[in-house]
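Novice: Provide a 3D model corresponding to the input given below.
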Amino acid sequence: MTDLIVKAAVKEQLADQNVSSDFYDALDSEVADLLADAARRSDANDRKTVQPRDL
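Specialist: Prediction:
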């Protein structure tokens, strides 16, 4: 699987929290699912451009 997230950005966003190493894989999977759903919605609306409303 391709890494869709940037670990340093996640750490920066969660600066006051500890982040477990397996959190990144779970987050990456969630992002991949979100992107796939957005692409399906775009396709269902006969568009090749994914837009914010597809989220």
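Novice: tell me how far Val50 lies from Gln17.
Specialist: 30 Å (Cβ to Cβ, to the nearest Å). C-beta: built from backbone N, CA, C; applies to glycine.
Novice: which one of these two has more residues nearby?
Specialist: Applying other Cβ atoms under 10 Å to Val50 and Gln17 shows that Val50 carries more neighbours, namely 15 against 10.
Novice: elements contacting the lengthiest helix in the chain?
Specialist: Identified as the longest helix of the chain according to DSSP state H is helix 21-44. In terms of contacts (3 or more Cβ pairs under 8 Å, 6 or more residues apart in numbering; DSSP states H and E), helix 21-44 is packed against helix 7-13.
Novice: show me what contacts Leu35?
Specialist: By Cβ atoms under 8 Å, 6 or more residues apart in numbering, the residues touching Leu35 are Leu4, Val50.
Novice: now it: how far from Gln13?
Specialist: Leu35 is 19 Å from Gln13, by Cβ to Cβ.
Novice: related to what we said a few turns ago, tell me the mean pLDDT for the longest helix of the chain?
Specialist: Throughout helix 21-44, pLDDT has a mean value of 96.
Novice: buried sites along that helix?
Specialist: Tyr24, Asp28, Ala38, Ser42 (16 or more other Cβ atoms under 10 Å).
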